[in-house]
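Got a sequence here, can you model it:
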Amino acid sequence: MFTADPTKFKIAKSARVPGISLCVALVPLTQRLLVGGSDFKVREIDMASDKPQPVEFTGEGHQSYVTGAAIAGSQLVTGGYDGRLIWWDIAARTASRSVAAHDKWMRGVVASEDGRFVASVADDMLCKVWDVASGNLVHTLSDHKPTTPHHFPSMLYAVAFSHDGQLLATGDKVGHVAVWNVATGKKVGEVEAPVLYTWDPKQRRHSIGGIRSLAFAPDNRLLAVGGIGTIGNIDHLDGPSRIEVFEWQTGKRVHEISDTKFKGLVEQIAFPREGTWFVCGGGDNGGFVSFYDSQTGKVVHQDKVPMHLHKFVLNAEQNTLYAAGHDQIVAVEFKASGPPTPPAPALPEE
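Residues are numbered from 1 along each chain as shown. Have a look, this model is predicted:
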């Protein structure tokens, strides 16, 4: 069986998708991706095909950008700028439930690995935890201020479950991170990453940046926070890509990674269940994928991808990354030598 080796990085396949893909999820045991984006659509695209072609989901969908997608069991849950969460039957590719979840733009949707819960974050500065089976609201989590220190509206961009589903982290525009106990809905920790927020009082009198990505290490000890460092020209993403890694229970910052080679936003971070590295992706006008050593914070490998990367998902073997971005999807392999893994059986159609 192949094993993960970030230095064996190669783009194995790409596929065109209309518009900008802002979120992506992977159907387990397959290469079927579910993507949402700037044209308000949700699509499936099978990267195992010789010539992958997107297929639209049907039913009453979103009325604005689709910015979050998470698989929970046999269902896909998406969120968008219309403030709605929509449940989709994956096999039938049709909408099955719609909930008015937030009063402002929704920025992200994630699912716990056991498929019991989804969490959504939006510019109402709330994180909401939902029961997947019933669609009922379980918790409303509030710890993020609605305005920045310069009296402009803030945004709540990032949310992540821990691997075991016990913890949830949320991160906002000014660099504040809250950590929550999922069972109780109580806040159990916080960290601050203010360098990820840039304020320009001269040229445009507005701000940019913010926490765009969060990820827990498998043992829950470390929490990685991603975004962009201090920006010189606030009208462009010309700042260094930036990650800060914390021992969140003590607030100790163990790594500060500021990369001027690959600039722009760190849109997503992931720790594999096994391995000594973590991976991030994002970009400015172009895109990048970077691997870092979890213990030292040093670069293991990094490379370009052919578009600004908005989100990615790792496969179960954690040796292939599927990245979504402007106009296309790419499959990035980082496999060590070894016999090929036999293809997984397709899920039965219902």
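
neighbouring contacts of stretch 92-106?
44, 55-61, 64, 67-68, 75, 79-89, 120-124, 126, 128, 130, 135, 155, 350 (CB atoms under 8 Å, 6 or more residues apart in numbering). (C-beta placed from N, C-alpha, C; glycine too.)

and what of stretch 273-281?
4, 6, 163, 213, 215, 217-218, 224, 226, 241, 243, 266-272, 287-295, 300, 305, 309, 312, 314, 318, 321, 323.

what mean pLDDT does stretch 227-242 have?
Averaging pLDDT along stretch 227-242 yields 80.

what distance separates the start and the end of it?
End-to-end distance for stretch 227-242, by CA to CA, to the nearest Å: 5 Å.

Off-centre distance for that stretch?
Relative to its parent chain, stretch 227-242 has a centroid offset of 19 Å by CA atoms, centre = their mean, to the nearest Å.

Show me which positions of that stretch end up buried.
For stretch 227-242, a neighbour-count test (16 or more other CB atoms under 10 Å) marks 227-229, 231, 234, 237, 239-242 as buried.

and what of stretch 44-55?
44-47, 52, 54.

tell me the mean pLDDT for it?
Here the average pLDDT along stretch 44-55 is 96.

Alpha carbons of it, in PDB - could you do that?
The C-alpha atoms that make up stretch 44-55 are tabulated as PDB, following Å, rounded to 0.1, in the frame of the first residue of the first chain:
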ATOM      1  CA  GLU A  44     -20.500  16.100  -7.900                       C
ATOM      2  CA  ILE A  45     -17.400  15.300  -9.900                       C
ATOM      3  CA  ASP A  46     -15.800  11.900 -10.000                       C
ATOM      4  CA  MET A  47     -12.000  12.300 -10.200                       C
ATOM      5  CA  ALA A  48     -11.700   8.500 -10.900                       C
ATOM      6  CA  SER A  49     -13.100   9.100 -14.400                       C
ATOM      7  CA  ASP A  50     -10.800   9.500 -17.300                       C
ATOM      8  CA  LYS A  51     -12.500  12.800 -18.100                       C
ATOM      9  CA  PRO A  52     -14.300  14.000 -15.000                       C
ATOM     10  CA  GLN A  53     -17.400  16.000 -15.600                       C
ATOM     11  CA  PRO A  54     -19.400  17.900 -13.000                       C
ATOM     12  CA  VAL A  55     -23.000  16.900 -12.400                       C
END
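
thinking again about what came up before, in a markdown table: the buried residues of stretch 44-55, plus distance to residue 191.
A markdown table is the format used below for these (distance: CB to CB, whole Å):
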| residue | distance to residue 191 |
| --- | --- |
| 44 | 37 |
| 45 | 36 |
| 46 | 39 |
| 47 | 36 |
| 52 | 40 |
| 54 | 39 |
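
Could you tell me which ranges of the stretch 1-150 of the chain sit under the pLDDT cut-off?
1-2 (pLDDT under 70).

can you tell me which residues contact residue 248?
Per CB under 8 Å, 6+ apart, neighbours of residue 248: 169, 177, 179, 189-191, 222-223.

For it, which non-adjacent residue is closest in space?
Nearest residue to residue 248, sequence neighbours excluded (CB to CB, 6 or more residues apart in numbering): residue 223, at 4.2 Å.

Relative to the host helix or strand of the one you found, what are the paired strands and their orientations?
Using DSSP states H and E, the element containing residue 223 is strand 222-228. According to DSSP bridges, strand 222-228 forms sheet pairs with strand 213-216 (antiparallel), strand 240-247 (antiparallel).

Residue 321: what's it in contact with?
279, 281, 289, 312-315, 331-332, 334.

Could you pull out the strands in the stretch 151-300 of the chain for me?
For the stretch 151-300 of the chain, the strands defined by DSSP state E, counting those that start in this stretch cover 156-161, 167-172, 176-181, 187-192, 197-200, 206-209, 213-216, 222-228, 240-247, 252-263, 265-270, 277-283, 287-293, 299-305.

rank these by pLDDT, which is bottom?
Taking the mean pLDDT of these, strand 206-209 comes last: a mean of 72.

tell me the centre residue of the chain?
residue 268 (4.6 Å; CA atoms, centre = their mean).

Show me what that residue is bridged to.
residue 281.

circling back to that earlier point, could you report the separation of the residue nearest to residue 248 from residue 178?
Residue 223 sits 11 Å away from residue 178, going by CB to CB, to the nearest Å.

Could you pull out the residues contacting both of the two?
Shared contacts of residue 223 and residue 178, counting by CB under 8 Å, 6+ apart, come down to residue 169.

Of these two, give the one with the bigger neighbour count.
Set side by side, residue 223 and residue 178 show more neighbours around residue 223, with 26 against 20, by other CB atoms under 10 Å.
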